[in-house]
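# Generate a structure from the sequence data that follows.
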Amino acid sequence: MHAGEQSSSNLEMFGSLLRFFRERAGMTQEGLGGQVGYSKSQVAMVERGERPPKGRLVEIADEALGAQGALLTAGKQLRTSHFPAWFEDYAELEAKAAAISMYANHVVPGLLQAEGYARAIFNCHCPPLDEDEVEAGCRRAWNARKSCSASPPRSSTSYWRSTR
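Model prediction:
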């Protein structure tokens, strides 16, 4: 995780449960990963709440670890966000905003991004996103752009000042 970044509390809760049942079963992260098709580091990221469980991890882990449905129930309650925890409040306010004024000198603001630029931004994610996640991010960006206005953003003005 990056400095100052927090993960979602419900992902941390699920990860703690997964770790509890894995340790109770006497299984290593590598052993569980082998059964669910994850690497040791991917299991560790789920246990730390840094990455949501994907695929059939919840179902297979519940059975393999003898969790008796506890992981299945917790997995159904997971509410994941596609945004880092530190950005979720801003994203919620942005969705309700009538107008947004901002200054950015090194990036193109999200609502003004061309598709190729947005895709490049999503492809720079660490840890890397898979192609489905990149596509989902691009779709969210276009949906946000459409929900802001029936017409495209009015302008993006860049001011250049040269000193000699």
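# so where is this protein shaky, pLDDT-wise?
In the predicted model, the chain carries pLDDT under 70 at residues 1-8, 80-85, 108-112, 146-164.
# tell me which element residue 21 falls in.
Remark: residue 21 resides in helix 9-24, with elements defined by DSSP states H and E.
# That helix: what's the following helix or strand?
Beyond helix 9-24 on the C-terminal side, the first helix or strand identified by DSSP H and E is helix 29-36.
# next structured bit after that next one?
Moving toward the C-terminus from helix 29-36, the next helix or strand (DSSP H and E) is helix 40-47.
# Longest helix in this structure, please.
helix 131-148 (DSSP state H).
# other SSEs contacting it?
Packing partners of helix 131-148 (3 or more CB pairs under 8 Å, 6 or more residues apart in numbering; DSSP states H and E): helix 85-96, helix 115-122. Bear in mind the C-beta positions are built from the backbone N, C-alpha and C, glycine included.
# tell me which strands and helices the last one is in contact with?
Applying 3+ CB pairs under 8 Å, 6+ apart, one finds that helix 115-122 contacts helix 131-148.
# Buried residues, the helix it packs on. List them.
When neighbours are counted by 16 or more other CB atoms under 10 Å, the buried residues of helix 131-148 are found to be 134, 137, 138, 140, 141, 145, 148.
# show me what contacts the third one?
It stands for residue 138. Taking CB atoms under 8 Å, 6 or more residues apart in numbering as the contact definition, residue 138 lies against 115, 118, 119, 122.
# Recalculate using a threshold of 6 Å.
Residues in contact with residue 138 (CB atoms under 6 Å, 6 or more residues apart in numbering) are 118, 119.
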